[in-house]
Each structure stands twice: as structure tokens, then as C-alpha cells.
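Q: no sequence on this one, just coordinates:
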């Protein structure tokens, strides 16, 4: 993939991943769009975009290191008699949601690679655009539907969020946008929804990156990929706090719809030409 061989392109891709991972506008979809615009094969673009999640997974791990250590201690002290779900901890929710998202994500990815491999460049861009629009509509619904308030996530929440996060392996479907929207629709406050979503991002991002790496037979760990991963980790860590605050003030559902509509129109135009 010549588009990603340039160190300048690698830096730009790392910046995109580091910024967009925390925003509900699909980092994978936008990185894939950037690569497709540079002439990359759709299947390769998806694998490369997924592999960059390894960088932002490291950023999230560093940012939430204190909470992660506390959760690991809870996991080590857990006994079956304690029950999996408790009002005093999110451990059960995080474990179950992660397992379900892993199962759904692997299944979708196996199908995804075959589908995007068959798409021409224009159709690939249009498909990502359509999924971005769907993500925006889901976020808008979460903003407007009042379903009451909940305090502690349970089994139903874990299943719904896990499925949503697994489906977010599709380029154009925002992982953070989908999981946050599901939690908001279930009645959780914004602050709690963001926290749970970003904690879930760590195993999900690691899993997505490793899956893409394995499927590609091991992406060549050349200078450009190392640079892209490093930049995504540094930018991701530097911006996560500020972007979490910005999300509360910006209507990102509208950003999704606008970006998706432009990509959809552009993809159809490219295909027709």
C-alpha cells in the first residue's frame, strides 16, 4: 500500500486516529476514507485503520491506569459467590460486554474482509458514508429520547453494548458513538456513559488491532507503521481529556451526518465516473 509508505502520510494518519478515536465519528471510517482517497485497496485500508487502534489503546490504558489497576484487583479477588454484576462495581459489565463484542467483532470482520474486497473504490467510500450517517442518526436518537435514569449497568446493558461495540468494527460505525448512544438510550448519564465507553475501548482496540494484524499475516512493521502507531498513541493521550469535554458541547451526530453524506455522494460520483 503505497499511500501509507510515506512518513508524512503515516504522521497524518496517526494524528487522525489519535483525535478521532475519542470522538463519535468513527476513527476507522475516516482513516479508511483517507487511505482510499490516496489509492489504497479497500481491504488493506480497513486492516491498516484497524491496526492503528493499538496506538490509541495504549493511550487509553495510560490515561485510565489507576482505574484499570483497581478493576484488575477486583477481578483477582472475585469469587463466583459474589455474583458477576454488582451495584458497587462495573467489573461484570465490562467483562461481559468485552466478551460479547469480541465474538460479534470477529464474526463481522470475517464477513467484512470478503465484502470490502469485492467493492470498487467508489462503492467502498459510499458504504462508509452510509454507515457514518446511520451512526449520526443513532446519536441523535440518544440525545432526544428520555427513558429515565439508571445507576448501575446490568446484564442487558452488557449484551446491548457488547453487540454495538462488535458491530463498530465496520468502517464508518463509530465505536464510541455507538456504545455511548446505547448507554444514553438505556438511561445512563452522559459522564458515566463516556467513562464506561472509554474503558471498554481498551480491550476492543487491542483486539481489533491484533485481529487485523493476524489476518494480514502480520503487517510489515516498517518505519511508517511504527510512526503512525507512535503518533496515534501520543496524540490520543494528549487529547483524550480535552476531547471528552468538547463532546459534551458539540453536536457530533450532525458531524457524522454531514461527513457521511459527503462521503456517500462522493463515493457514488467516483463509482459512476
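A: All right, it came through fine. Remember, predicted model here, so these are calculated numbers, not experimental data.

Q: and the helix or strand harbouring residue 207, what's its mean pLDDT?
A: According to DSSP states H and E, residue 207 maps onto helix 190-215. In this model, helix 190-215 has an average pLDDT of 80.

Q: distance check, residue 225 against residue 68.
A: According to CB to CB, to the nearest Å, residue 225 stands 26 Å off from residue 68. C-beta coordinates here come from the backbone N, C-alpha and C atoms, glycine included.

Q: more crowded one of those two?
A: residue 225 (21 against 15; other CB atoms under 10 Å).

Q: okay, the angle between the host helix or strand of that one and helix 190-215?
A: Assigned by DSSP H and E, residue 225 belongs to helix 223-247. With axes from the mean of the first three to the mean of the last three CA atoms, to 10 degrees applied, the angle from helix 223-247 to helix 190-215 works out at 170 degrees.

Q: against which helices or strands is helix 223-247 packed?
A: Using 3 or more CB pairs under 8 Å, 6 or more residues apart in numbering; DSSP states H and E, the elements in contact with helix 223-247 are helix 7-20, helix 42-51, helix 53-63, helix 190-215.

Q: from the chain's centre, how far out does the shortest one sit?
A: Shown here is helix 42-51, whose average C-alpha point lies 13 Å from the average C-alpha point of the whole chain (CA atoms, centre = their mean, to the nearest Å).

Q: what of the longest one?
A: Helix 190-215 has its C-alpha centroid displaced from the chain centroid by 6 Å (CA atoms, centre = their mean).

Q: same question for stretch 52-63.
A: That offset, for stretch 52-63, works out to 12 Å (CA atoms, centre = their mean).

Q: count the residues that sit near the closest residue to residue 160 other than its chain neighbours.
A: Of all residues not flanking residue 160 in the chain, residue 182 sits nearest, at 5.2 Å (CB to CB, 6 or more residues apart in numbering). By other CB under 10 Å, 22 other residues sit near residue 182.

Q: hmm, residue 182 is touching residue 162, no?
A: No. With contacts defined as CB atoms under 8 Å, residue 182 does not count as touching residue 162, sitting 9.6 Å away.

Q: quick one: contacts for residue 89?
A: For residue 89, the contact set (CB atoms under 8 Å, 6 or more residues apart in numbering) comprises 71, 74.

Q: quick check: it vs residue 229, distance?
A: 32 Å.

Q: residues near residue 6, how many?
A: 14.

Q: hmm, residue 224 and it touching each other?
A: Yes. Under the criterion of CB under 8 Å, residue 6 makes contact with residue 224 at 6.8 Å.

Q: moving C-terminal of the helix holding residue 225, what's the next helix or strand?
A: By DSSP H and E, the next helix or strand past helix 223-247 is helix 252-272.

Q: what is that following helix packed up against?
A: helix 121-144, helix 175-185.

Q: touching it from outside, list them.
A: Everything outside helix 252-272 that qualifies as a contact, by CB under 8 Å, 6+ apart, is 23-26, 30, 33, 120-140, 143, 172, 174, 177.

Q: what sits closest to residue 232 if chain neighbours are left out?
A: residue 55 (3.2 Å).

Q: give me the neighbour count for the one you found.
A: The burial count for residue 55: 26, using other CB under 10 Å.

Q: contacts only, for it.
A: Contacts of residue 55 (CB under 8 Å, 6+ apart): 14, 17, 18, 228, 229, 230, 231, 232, 233, 236.

Q: also residue 229?
A: 14, 51, 52, 54, 55.

Q: pLDDT wise, what is residue 17 at?
A: Note for residue 17: predicted pLDDT of 91.

Q: that one reaches residue 57, doesn't it?
A: No. At 10.7 Å, residue 17 and residue 57 do not qualify as touching, with contact defined as CB under 8 Å.

Q: in terms of neighbours, single out the busier of those two.
A: residue 17 (30 against 24).

Q: can you tell me how far the more buried one is from residue 236?
A: Residue 17 is 7 Å from residue 236, by CB to CB.

Q: quick check: neighbours shared by those two?
A: 55, 56.

Q: which residue, other than its chain neighbours, is closest to residue 203?
A: residue 98 (4.8 Å).

Q: and the helix or strand containing that neighbour, which residues are buried?
A: Counting by DSSP H and E, the element that carries residue 98 is helix 91-117. Judged by neighbour count using 16 or more other CB atoms under 10 Å, the buried positions of helix 91-117 are 91-98, 100-102, 104-105, 108-109, 112-113, 116.
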